[in-house]
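[1] sequence unavailable; structure follows:
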């Protein structure tokens with residue numbers, strides 16, 4: 001085989017992998033990037049073009065014969081997940097013609113959410129790690145114009161958590177792999193990540209505060225594991241930093257509790273979840289066993305009275321539940337949820353068993369998703385959190401000793 005042609009083929013594959021992730025991010029961020037100056041119809045056309053681009057670039061990876069290859073247990077899990085996702089999609093309501101398909105079925109909660117795992121799993125993520133991290137970095141930068149355009153809604157708004165389409169969440173991976181970044185890029189990642197963390201504190205988003213803290217702790221410890229083992233100075237600096245923060249909080253608590261932390265202290269014991277979960281479980285209690293095992297499909301609902309804020313229309317069928325575990329059961333049953341957990345635990349075992357701190361860090365990242373899937377349902381949507389989840393899973397599964 002000609003060496004130059006082989007180089008070109010590999011180079012084309014790397015471009016296709018980067019373009020796939022860029023298209024995924026463009027789809028996720030399109031609405032928030034363009035909603036202030038483009039009509040919704042044009043935005044939806046752009047989103048559909050992104051989905052077509054994802055399919056096209058994944059196809060290019062296959063044509064280059066660079067797609068990830070799985071065997072044994074991981075391959076079985078992928079096949080079972082494909083069957084589960086097809087089952088969920090097939091049990092949908094597809095009335096209303098093409099317009100309904102475009103406006104509803106190709107939203108981030110519907111068909112694309114069940115395609116995303118396979119678009120990522122088939123990519124040679126471990127091989128082109130540096131290229132993917134570059135896409136994550138520039139995707140994270142896209143949050144800056146979104147924050148500027150929606151600056152008046154950043155503080156103490158109901159949907160403030162999702163402003164920026166969760167793009168700062170790419171920082172969880174970038175901080176872990178920060179040695180792959182230049183010093184300037186590291187500073188930018190830290191700045192955006194901590195700005196997002198402070199916004200979550202000011203908006204009392206308890207789930208994000210916990211998740212961002214855990215992921216940063218894992219990234220820092222695993223990124224400095226060798227240094228902390230062998231360098232007493234590094235351990236002392238870490239200890240000093242923790243003590244300094246604790247002392248500052250203790251001394252300034254009176255001021256902090258009346259300013260920065262006032263909103264979160266007011267909401268600290270507020271229960272906004274158990275009532276919804278009780279309604280879901282009460283509805284499912286009278287359902288056939290098949291609903292528990294295989295779910296109610298992509299349009300599955302449970303009984304809860306909701307009122308549209310704009311039309312004031314009252315509905316008793318709710319498609320959404322904020323608890324991720326229950327959302328997975330609603331759509332695909334315990335079978336679908338179990339597959340996610342099996343992917344998580346399989347990737348964790350493989351990653352943690354490798355004597356490489358970065359792989360172990362990704363494996364530990366996945367354990368935080370056990371908490372994340374209770375606090376939110378974004379892991380089961382076409383979202384940044386889902387992208388990071390399947391990226392971490394694929395890297396751990398693709399690693400060969």
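    Ah, there it is. Predicted, not measured: the structure shown is a model, and the values here were computed from it.

[2] only C-alpha atoms for contact and neighbour calcs from this point on.
    Fine.

[3] pull the number of nearby residues for residue 93.
    Residue 93 sits with 13 neighbouring residues when counted by other CA atoms under 10 Å.

[4] can I take it that it is in a strand?
    No - going by DSSP: H, G, I helix; E, B strand; the rest coil, the assignment for residue 93 is coil, not a strand.

[5] quick check: it touching residue 300?
    No - if you go by CA atoms under 8 Å, residue 93 and residue 300 don't touch, sitting 9.5 Å apart.

[6] what helices or strands is the longest helix seen in the chain leaning on?
    Identified as the longest helix of the chain according to DSSP state H is helix 3-34. Counting contacts by 3 or more CA pairs under 8 Å, 6 or more residues apart in numbering; DSSP states H and E, helix 3-34 packs against helix 40-63, helix 129-141, helix 143-149.

[7] repeat that with 6 Å
    helix 40-63 (3 or more CA pairs under 6 Å, 6 or more residues apart in numbering; DSSP states H and E).

[8] chain center to the helix or strand that the helix it packs on is followed by, what's the gap?
    Using DSSP states H and E, the helix or strand that follows helix 40-63 in sequence is helix 72-90. Going by CA atoms, centre = their mean, to the nearest Å, the spacing between the C-alpha centre of helix 72-90 and its chain's C-alpha centre is 20 Å.

[9] mean confidence for the next helix or strand after helix 72-90?
    Where DSSP H and E defines the elements, the next helix or strand beyond helix 72-90 is helix 97-100. The pLDDT scores in helix 97-100 average 71.

[10] quick one: contacts of helix 97-100?
    Around helix 97-100, nothing counts as a contact under CA atoms under 6 Å, 6 or more residues apart in numbering.

[11] rewinding a little: avg pLDDT for the longest helix of the chain?
    80.

[12] angle of it against helix 40-63?
    Counting by axes from the mean of the first three to the mean of the last three CA atoms, to 10 degrees, helix 3-34 lies at 160 degrees to helix 40-63.

[13] how far is helix 3-34 from where the chain is centred?
    19 Å.

[14] go on, stretch 117-132?
    15 Å.

[15] what residues of that stretch count as buried?
    Under the neighbour-count criterion of 16 or more other CA atoms under 10 Å, stretch 117-132 has 117, 119, 120, 121, 122, 123, 124, 125, 126, 129, 131, 132 buried.

[16] do stretch 352-364 as well
    Within stretch 352-364, the residues that count as buried by 16+ other CA under 10 Å are 352, 354, 357, 358, 359, 360, 361, 362, 363, 364.

[17] could you work out the most separated pair of these?
    354 and 364 (12.3 Å; CA to CA).

[18] residue contacts, the closest residue in space to residue 332 that isn't next to it in sequence?
    Excluding the flanking residues, the one nearest residue 332 by CA to CA, 6 or more residues apart in numbering is residue 295, at 4.1 Å. Residues in contact with residue 295 (CA under 6 Å, 6+ apart) are 329, 330, 331, 332, 333.

[19] do that again at 8 Å, thanks
    88, 328, 329, 330, 331, 332, 333, 334 (CA atoms under 8 Å, 6 or more residues apart in numbering).

[20] now those as JSON lines including pLDDT?
    Listed next are the contacts of residue 295 as JSON lines, based on pLDDT from 0 to 100:
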{"residue": "88", "pLDDT": "94"}
{"residue": "328", "pLDDT": "93"}
{"residue": "329", "pLDDT": "93"}
{"residue": "330", "pLDDT": "92"}
{"residue": "331", "pLDDT": "93"}
{"residue": "332", "pLDDT": "93"}
{"residue": "333", "pLDDT": "93"}
{"residue": "334", "pLDDT": "94"}
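
[21] between those, which is closest to residue 317?
    The closest of those to residue 317 turns out to be residue 330 (CA to CA; 12.4 Å).
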